[in-house]
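[1] what's the 3D shape of this:
(one chain, ligands or ions: 2)
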Amino acid sequence: MCLLGGLSAPPLLLLPLLPLLLCDCSFPPELPNAIQSVGDQQSFPEKFTVTYKCKEGFVKVPGKADSVVCLNNKWSEVAEFCNRSCDVPTRLQFASLKKSFTKQNYFPVGSVVEYECRPGYQRDHLLSGKLTCLLNFTWSKPDEFCKRKSCPNPGDLRHGHVNIPTDILYAAVIHFSCNKGYRLVGAASSYCSIVNDDVGWSDPLPECQEIFCPEPPKISNGVILDQQNTYVYQQAVKYECIKGFTLIGENSIYCTVKGDQGEWSGPPPECKGNEFARGAWVAHWVRPLPSARVMISGSWDRVLHRALCSAGSLLPSLSLPASLPTCDFSLSLSLSNE
Ligand SMILES: *[C@@H]1O[C@H](CO)[C@@H](O)[C@H](O)[C@H]1NC(C)=O
Ligand SMILES: *[C@@H]1O[C@H](CO)[C@@H](O)[C@H](O)[C@H]1NC(C)=O
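    Ligands and ions are numbered 1, 2, ... in the order given. Presented below is the predicted three-dimensional model:
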């Protein structure tokens, strides 16, 4: 069937060729499992090309033509080109398709695709690394033919601990912690990751550094016994008051750790001047007279100007400070330095 088509006013020169040029094609042929999108257009001019698409579930067979062209009033020959295919091969976490298969999308029954291990994995040669397109157009089930590589043993952390929650295989994470009294310097965890085409730890072992307390606080009228240059966790510092002073509070404090800083367990003791130094002061006999001795935390080498008994009277033999004052019968003695 030859129609005028789109050429409404052909130039006179072309008139002798008109029968050839104006031959049109009718509706394009039906192809199995393929569709075209010409709509309801019924006539197609010379050289007009119709390209088909495969119906859902079908894939174009590579190398086969998928279009027809209108030539001399006839559509060109075209063979069936859509066929059933497996989907793109299963994506595997541990392996990727070999490059030669990645561009392919037509996988008829019986197609075999090959995989290679992803970085961090190594081939288990006892298992097949291939998948096959089965009769029902699904891929065969993959074995786990690539196994995670192992990172080297992280070793021991001096003054600390390496916690391995699962394993030390590729993608695993391990955690580090230091013993009490030590501060972690470095990364707190490390991943088994890709390092130079192999697997290795993302971070090296950290260091556990001993935590020191600040210098122990000084106190007035008292001294630190056996003072050290440094104090570490749980180490104590002991205080003593100089003669004539009384220690108030605990006589020692110790080094504790808060966060990763050392600090003292509490405030240091205080050394208070005893009442003897300030004025009237009562001493208690530990044994009845006359052989009793006075029990006081001050010292007797201070010059005493006055000694009074709370009851009774001082024995006349009193001579200070060479001998101890004694009261005739009372159990207490009041002393004064004024
Ligand atoms: C379609 O695939 C089958 C095998 O699955 C094959 O025998 C047949 O020739 C294929 N058809 C075409 C048009 O390629
Ligand atoms: C396809 O066939 C295989 C083996 O013949 C079978 O294991 C699988 O379950 C089938 N899949 C579907 C979706 O029918």
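[2] got the residues of the protein near ligand 2?
    Proximity of the chain to ligand 2, by CB under 6 Å from any ligand atom, involves residues 134, 136, 138. Backbone N, C-alpha and C define where each C-beta goes, glycine included.
[3] Now do the buried residues in stretch 226-241.
    The neighbour-count check on stretch 226-241 (16 or more other CB atoms under 10 Å) flags 231, 233, 237-241 as buried.
[4] contact partners of it?
    Stretch 226-241 has contacts (CB atoms under 8 Å, 6 or more residues apart in numbering) with 180-182, 210-213, 216, 219, 221-225, 247, 251-257, 262, 264, 268-269, 271.
[5] which of these are buried?
    181-182, 211-213, 216, 219, 222, 224, 247, 251-257, 262, 264, 268-269, 271.
[6] Quick one: mark the members of those residues that sit in strands.
    182, 222, 224, 247, 252-257, 262, 264, 271 (DSSP state E).
[7] mind giving me TSV with those residues and columns for distance to Ser193 and pLDDT?
    What follows is these, written out as TSV (distance: CB to CB, whole Å; pLDDT from 0 to 100):
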residue	distance to Ser193	pLDDT
Tyr182	27	96
Gly222	57	91
Ile224	51	94
Leu247	59	89
Ser252	49	94
Ile253	46	95
Tyr254	43	95
Cys255	39	95
Thr256	38	94
Val257	33	92
Gly262	35	93
Trp264	43	95
Cys271	60	89
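[8] Pick the one among those residues closest to Gln122.
    Distance to Gln122 across those (CB to CB) is lowest for Tyr182, with 37.3 Å.
[9] who's in contact with the closest one?
    Taking CB under 8 Å, 6+ apart, one finds 159-160, 208-211, 233 in contact with Tyr182.
[10] got it, and Ile224?
    216, 218, 237-239.
[11] what distance separates the start and the end of stretch 185-200?
    End-to-end distance of stretch 185-200: 20 Å, with CA to CA, to the nearest Å as the criterion.
[12] any idea of the mean pLDDT in it?
    Here stretch 185-200 scores 95 as its mean pLDDT.
[13] How about stretch 85-100?
    Mean predicted lDDT for stretch 85-100 stands at 94.
[14] Not counting that stretch itself, show me its contacts.
    58-59, 101, 105-109, 111, 113-118, 121, 129, 131, 133-134, 137-139, 142, 144-148.
[15] Of these, keep whichever come out buried.
    Among those, those classed as buried by 16+ other CB under 10 Å are 58-59, 101, 106-107, 111, 113, 115, 117, 121, 129, 131, 133, 139, 142, 145-146, 148.
[16] In helices, which of those residues appear?
    Phe101 (DSSP state H).
[17] Just the ones in strands from the buried ones among the contacts of stretch 85-100, please.
    If you go by DSSP E, the buried ones among the contacts of stretch 85-100 have 58-59, 113, 115, 117, 121, 131, 146, 148 in strands.
[18] who in the stretch 51-200 of the chain is up against ligand 1?
    Contact residues, the stretch 51-200 of the chain versus ligand 1 (CB under 6 Å from any ligand atom): 61, 80, 83, 108-109.
[19] roughly how far out does stretch 135-147 sit from the chain middle?
    35 Å (CA atoms, centre = their mean, to the nearest Å).
[20] got it, and stretch 263-272?
    Offset of stretch 263-272 from its chain centre (CA atoms, centre = their mean): 40 Å.
[21] what's the span of it, first residue to last?
    End-to-end for stretch 263-272, by CA to CA: 25 Å.
[22] got the contact list for that stretch?
    Stretch 263-272 is contacted from outside by 213-214, 216-217, 219-222, 237, 239, 241-242, 245-251, 253-257, using CB under 8 Å, 6+ apart.
[23] got the contact list for whichever residue of the stretch 151-300 of the chain sits closest to ligand 1?
    Closest contact between the stretch 151-300 of the chain and ligand 1, by CB to the nearest ligand atom, is at Tyr170 (38.4 Å). The contact partners of Tyr170, by CB under 8 Å, 6+ apart, come to 120-121, 148-151, 192-194, 199.
[24] So which residues of the stretch 201-338 of the chain form helices?
    In the stretch 201-338 of the chain, the helices defined using DSSP state H, counting those that start in this stretch lie at 275-278.
[25] Near ligand 1, which residues of it? Just list them.
    Counting by CB under 6 Å from any ligand atom, the stretch 201-338 of the chain has no residue next to ligand 1.
[26] hmm, back to that, farthest pair in the residues of the stretch 51-200 of the chain next to ligand 1?
    Glu80 and Val109 (16.3 Å).
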